[in-house]
Each structure stands twice: as C-alpha cells, then as structure tokens.
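**Student:** I need the structure of the sequence given here:
(one chain, ligands or ions: 1)
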Amino acid sequence: MSTRGAFIVVEGLDRAGKTTQVSALQTRLENEGILCKLLKFPDRTTAIGQMIDSYLRSQSELDDRAIHLLFSANRWELASTIEKLLAAGTTVICDRYAFSGVAFSAAKGLTFEWCRSPDVSLPAPDLTLFLDITPEAARSRGGYGEERYEKEEMQRKVREVFRRISSELDEASWVTIDAGRDLDTVADEIWSVSRPFTKGLSIPIQRLWMQ
Ligand code: DGP
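**Tutor:** Next up is the predicted model:
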C-alpha cells in the first residue's frame, strides 16, 4: 500500500486552547510543505450542524439522546471526506471528534457504552492529543462563554470521562499534553509528538472502537 496522510485529533475541555493549538499545528505543517486540512466538530455549517449550533446556544431543546445522535451524525456526514483526504496523502487535523461525543454525553448521565455505539467504526485517529487543563485553570483564562456546557461542574465531569476513555485506548495513540502551560511550550510539545506522523503512514486507516 502507498503511504497515506495521518489523522490527528485534538481534544480537550472548553478553554484548553484547542483552537489556537490546531491552527499553530496547521501553520507548522504548511511551513514544512506538508499537505494538511483542518476540520472541526461540531461542523456547524451543515444542516445537522445548524441544529447542534442552535442547541448549544440554548435556542432549542432536545432530548439528551437525540442531540447525542446528531453530534454523531455530524461526524458520519464527513467520514468519507476524511477517508478521501487521508488516501490522497493529506494530513487531517481535527478539532474535537468522537471522544468529545462520549465525554460530554456521559457527563450528562448517559451510559458510556451507549454513548460510544453510534461512533463505532468511524475512521480512527492515528494520534489523539488530549489538551489537559483543570477546570479552575480553564476558568481563570477569562471565564467560560455562554454556551450550554461551559460550566465548571460540567467540565469537571467531562474531564473524568476523558480519563476513562484514555485508559481504555492504546496508549501510543492517545497523548495527554499539559495545556496549563504557556502557548509556545504547548505548541512545541504538540509539534514534537505529531511530527513523526506527518511523514505519511503505510498502515490502513483504522476503525474506531472495533476491538
Ligand atoms: P466547540 O465548538 O469546540 O466549542 O464545541 C462546542 C461544544 O459542544 C463544547 O462544549 C463541546 C461540545 N461537544 C462537542 N462535541 C460533542 C459531542 O459529540 N457531543 C456532545 N454532547 N457535546 C459535544
């Protein structure tokens, strides 16, 4: 098989610095002449994404299971795009993915197994960078915004579920990064962990949670 691009996911609590860090990673890849595409979930531009956006901004109410399935459907509607990009040799960087799906819904009280099931067999990330920050440190960065989940107690529960997810995944594919440090230090660590993956991979695209 010829080499393909790597699928790199960045996860974390709200205010962990994901958006800044994914764009710093994209810039470094481009500076090295590596083809890359930045994606973000939820993708609020699609019809499903607009329903999610309305829910997050508390402009609509939905059953916890219904919104969970919409978040998952939003990933599935881009799954074939991700696969095509990877097959064409493009490195895909993704701001949030299915791990947020489990973390945020399980934090609301849905069971871990139920939360995982709609995302089983999505393209699996080759590398997940979890930007870890305490909810207190996140709050001190200027406070949470207006959206539905941006509350300290919720973020504390979300962090616990992320810990469970990481303990059940292959250690090599999940790397926890201390995101409480300054921006450049975090960016340097992300780059040093990601760099080996950006040279192209010769293994097939894996499927999430199939083992
Ligand atoms: P962001 O655009 O990265 O700020 O994410 C929006 C919010 O939605 C954030 O609080 C995390 C949450 N979120 C992201 N993905 C999912 C998901 O799949 N399921 C649930 N329940 N929440 C999610």
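**Student:** beyond the helix or strand of the chain with the lowest mean pLDDT, next helix or strand please.
**Tutor:** When the helices and strands of the chain are scored by mean pLDDT, DSSP states H and E, helix 135-140 comes last with a mean of 88. Using DSSP states H and E, the helix or strand that directly follows helix 135-140 along the chain is helix 152-167.
**Student:** against T128, how distant is R164?
**Tutor:** Using C-beta to C-beta, to the nearest Å, R164 is found at 14 Å from T128. From N, CA and C alone the C-beta is placed, and that goes for glycine too.
**Student:** on that earlier part again, list the helices and strands the least confident helix or strand of the chain packs on?
**Tutor:** Applying 3 or more C-beta pairs under 8 Å, 6 or more residues apart in numbering; DSSP states H and E, one finds that helix 135-140 contacts helix 152-167.
**Student:** and the helix it packs on, what does it pack onto?
**Tutor:** Here helix 152-167 touches helix 98-107, strand 127-132, helix 135-140, strand 174-178, going by 3+ C-beta pairs under 8 Å, 6+ apart.
**Student:** can you give me the angle that helix makes with helix 98-107?
**Tutor:** Counting by axes from the mean of the first three to the mean of the last three C-alpha atoms, to 10 degrees, helix 152-167 points 130 degrees away from the direction of helix 98-107.
**Student:** what mean pLDDT does the lengthiest helix in the chain have?
**Tutor:** As assigned by DSSP state H, the longest helix anywhere in the chain is helix 64-87. What helix 64-87 shows for mean pLDDT is 98.
**Student:** okay, angle between that helix and helix 98-107 too, please.
**Tutor:** For helix 64-87 against helix 98-107, the angle by the same axes, to 10 degrees is 170 degrees.
**Student:** which residues touch the residue nearest to T46 when sequence neighbours are not counted?
**Tutor:** Using C-beta to C-beta, 6 or more residues apart in numbering and skipping residues adjacent in sequence, the residue nearest T46 is E77, 6.0 Å away. Counting by C-beta atoms under 8 Å, 6 or more residues apart in numbering, E77 makes contact with D43, T46, I48.
**Student:** the first one contacts Q50, doesn't it?
**Tutor:** No - taking C-beta atoms under 8 Å as the definition, D43 is not a contact partner of Q50, at 10.0 Å.
**Student:** do the helix or strand containing Q50 and the ligand meet?
**Tutor:** Per DSSP H and E, Q50 falls inside helix 47-56. Yes - residues of helix 47-56 are located near the ligand by C-beta under 6 Å from any ligand atom, namely L56.
**Student:** average pLDDT for that helix?
**Tutor:** Rounded mean pLDDT across helix 47-56 is 98.
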